[in-house]
Structures are given as C-alpha cells and as structure tokens.
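J.: here is a sequence together with a model predicted from it:
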Amino acid sequence: MFSQSRFTGLQRKFNTKKCGQSETSVLQRWRKQTNMSAFTKSFVSLARRRVFSRSIRQHSSVTTELMENMDKKSAWDRFYSETSSRNPNFKNFEWFFGFDAVQDFIMPLLQTASRPNSPLHVLDMGCGTSALGPCIYRDSVLPVRVTCADISPVAVRLMREHVQAEAIQPHDVSSHIEFLELDCTQLDTYYGSNSLDLIVDKGTTDALLRSKEGTEKAGLVLKQCLRLLRTSGSLLQFSDEDPDARLVWLETAARDQGLVAADVGVQEVGVLRGVCYYCYQVTLHQDVNK
Ligand SMILES: C[S@@+](CC[C@H](N)C(=O)[O-])C[C@H]1O[C@@H](n2cnc3c(N)ncnc32)[C@H](O)[C@@H]1O
C-alpha cells in the first residue's frame, strides 16, 4: 500500500462498505437484476479468460475477434449486430453488473453535484447497449442531461430505437437523454473543459486496457475525462482491475495533469465468479489547478 504522502495534493480514499457480501448473494442479486442472455453470461466468462462454455464455442469467431480487438469499432459492431440478430426482442447487454448493482455509487453523486437552474451533464462513456444511461435518466430526481455514447453505431442505433420504443419517462420532466456515436479517445473534440458533471465508464477503459494497442488509448481517454470534468465532478470507472494497479494509474494521471485537489478512491461492487469488481472514483475539488 502507498501512503498518502506519496501523492501530494491527492487524497486516496478506501471505502469498503460493500465488503463482506457473500459471492452467493451477489450472484443471486446479479442474476435477478440483469437481463443477461445465456450468451452474454458465457461471454462474461470468456472475458475473464475462463473456461469456454459450449454456447460460447458456437460464437467463437465473433468473441475471438472481440477478445483480441476490444478497442476496435468493427469488432464491437459485429458483436452488437450478432447479439441483436439472436434476440429479435431487444435485451440490454450488461458488462458484469447492471444498474441495480451500481446505482448506489452513481445516484448520490448527482445530489452532491447539483447546480441550480441547469441540468447535470452525465456521460455514459462506451455505453454499449447497457441500461445504465436510461436508468439514470429515469431515476434522477434532479434534472439531468444524459449522453449515452459509444464508438459502435450499431449499439447507438439499438439504444436509440429501444428508448424511443419504451418511451421511458424521466422523474424530472426537464431531464433529457441522447445517444451519440463517439470515439472516446477524441472526447475533447465533442466537449469543452469543465463541461461534464459525471462520467460513468463501465467496462470501457477495461476493454481498451485489454487490447494490444489499448493502453495508450486508455491513458489518453483518462486525461481527457479529467480535463472535461467540472469542479466537484466525478469520473467513475467500474472495473475488475486490482486497486494496486488502477489507483496508481489514476493518481499518476491526476498528478501529471496538475490536479492538486482530487480525491481518488475505490469501493468494492461485489464478487462475481470469484472475481472482485470495483468502483473507482476520481472527484475534482474547488481549488483544482488545471
Ligand atoms: C466492455 S463494453 C461495456 C459496455 C457497457 N458500458 C456495459 O456496461 O455493458 C465496452 C464498450 O466500449 C465501447 N468502446 C470501445 N472503444 C471505444 C471508444 N474508443 N470510444 C467509445 N466507445 C468505445 C465498445 O463499443 C463497448 O460498447
């Protein structure tokens, strides 16, 4: 473990309030809460580099392509096209955990970040076909502008069509949701500095980090995220990467950007098939020096 003094100006917070949940209870909750198909569950196993199930073998070409190219638009397009052609009725694909399992990490931040007379801008970066963005839009008691963005036009189209068809009603009538095809390595061509209140990244940085050329891209994305956040804004990364590696990476990026007032922390989300998942949070503060 590193002492806080190594990270002058940064505060590291370890909050393990969710520790102690048994694997069984987390798995049971997860199974109830997510809409995962058998293929999706198998895909998750594959993503963990675990035993290939029989069902995954039937899809081996698409998953193999994806596993080796998780930073590539074409691989994700093919994955979402294939998944949707197998399920004529739209089903959200959730990377490991669905909204119910992660909402306690997200929704309280909207309360603390609230600004009078202006909706909070939330970006679900690399949204895929997750229900996360629509659920934030639906449940936020404060007005929000939720942008669900992904590099895959297939995922973006599926999400747009699904949300239109469902006619989801927001808690606050002035809330807004939009879907955007976007490459998050070029986030700063879409948004200006200090423009986002909350960036949620569920599995997107992990996908980049797992691909051959992705490490550099992930670093680029992180730097842009930190630049685009407003004061008091937060970046949340949901990941299975070990805190010893991810925290140092986040702290180093924050320090390299001259962010002298940032909290970097981690909480456990839960354990799935013996693997612990975490919520990493970087929050900028008032006296931030950009
Ligand atoms: C592991 S999936 C996670 C999807 C979704 N967040 C979830 O929780 O199910 C990673 C997502 O990142 C997207 N992605 C990969 N590279 C990207 C990039 N450069 N810009 C935007 N999205 C990207 C993929 O299309 C994919 O939907």
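T.: Everything's here; your move.
J.: for the residue nearest to Gly203 when sequence neighbours are not counted, report the pLDDT, please.
T.: The spatially closest residue to Gly203, leaving aside those adjacent along the chain, is Trp95, at 3.5 Å (CB to CB, 6 or more residues apart in numbering). Any C-beta I mention is one placed from the backbone N, CA and C, and that applies to glycine too. For Trp95, the pLDDT comes out at 91.
J.: before we move on, what SS does Trp95 have?
T.: Assigned state for Trp95: coil (three-state reduction, DSSP: H, G, I helix; E, B strand; the rest coil).
J.: contacts only, for it.
T.: The neighbours of Trp95, taking CB atoms under 8 Å, 6 or more residues apart in numbering as the test, are 44, 128, 130, 202-203, 206, 238.
J.: repeat that for Phe79.
T.: Contacts of Phe79 (CB under 8 Å, 6+ apart): 62-63, 66.
J.: recalculate using a threshold of 7 Å.
T.: Residues near Phe79 by CB atoms under 7 Å, 6 or more residues apart in numbering: 62, 66.
J.: doesn't it fall inside a helix?
T.: Yes - counting by three-state DSSP, Phe79 is found in a helix.
J.: all helices for the stretch 51-200 of the chain, in order.
T.: For the stretch 51-200 of the chain, the helices defined by DSSP state H, counting those that start in this stretch occupy 54-58, 60-68, 73-86, 99-112, 132-139, 153-166.
J.: hmm, the second one in reach of the ligand?
T.: No - in terms of CB under 6 Å from any ligand atom, no part of helix 60-68 sits within range of the ligand; the closest distance is 9.2 Å.
J.: and Gln281, helix, strand or coil?
T.: Quick answer, by three-state DSSP: Gln281 is strand.
J.: beta partners for it?
T.: Taking DSSP bridges as the rule, Gln281 bridges to Leu236, Gly265.
J.: quick check, it in contact with Leu236.
T.: Yes - taking CB atoms under 7 Å as the definition, Gln281 is a contact partner of Leu236 at 5.5 Å.
J.: could you measure Thr215 against the ligand, distance?
T.: As judged by CB to the nearest ligand atom, to the nearest Å, Thr215 and the ligand stand 13 Å apart.
J.: check Pro108 too.
T.: Applying CB to the nearest ligand atom to Pro108 and the ligand gives a distance of 20 Å.
J.: what pLDDT does that residue get?
T.: The model's pLDDT for Pro108 equals 95.
J.: quick one: low-confidence ranges for the protein?
T.: 1-60, 260, 286-290 (pLDDT under 70).
J.: quick check: residues of it near the ligand?
T.: Checking the chain against the ligand by CB under 6 Å from any ligand atom, the hits are 71, 76, 93-95, 126-128, 130, 150-152, 155, 182-185, 202-204, 207.
J.: returning to what we had before: any idea which of the helices of the stretch 51-200 of the chain is most buried?
T.: helix 132-139 (a mean of 22; mean count of other CB atoms under 10 Å).
J.: contacting residues around that one?
T.: By CB under 7 Å, 6+ apart, helix 132-139 touches 99, 106-107, 122, 124, 127, 144, 146, 148, 163, 168, 170-171, 175, 177, 200, 202.
J.: distance of the closest residue in space to Val275 that isn't next to it in sequence relative to Gly98?
T.: Leaving out its chain neighbours, the residue that sits closest to Val275 by CB to CB, 6+ apart is Asp240, at 5.4 Å. Per CB to CB, to the nearest Å, Asp240 is found 16 Å from Gly98.
J.: more neighbours, these two?
T.: Between Asp240 and Gly98, Gly98 has the larger neighbour count (other CB atoms under 10 Å), namely 23 against 17.
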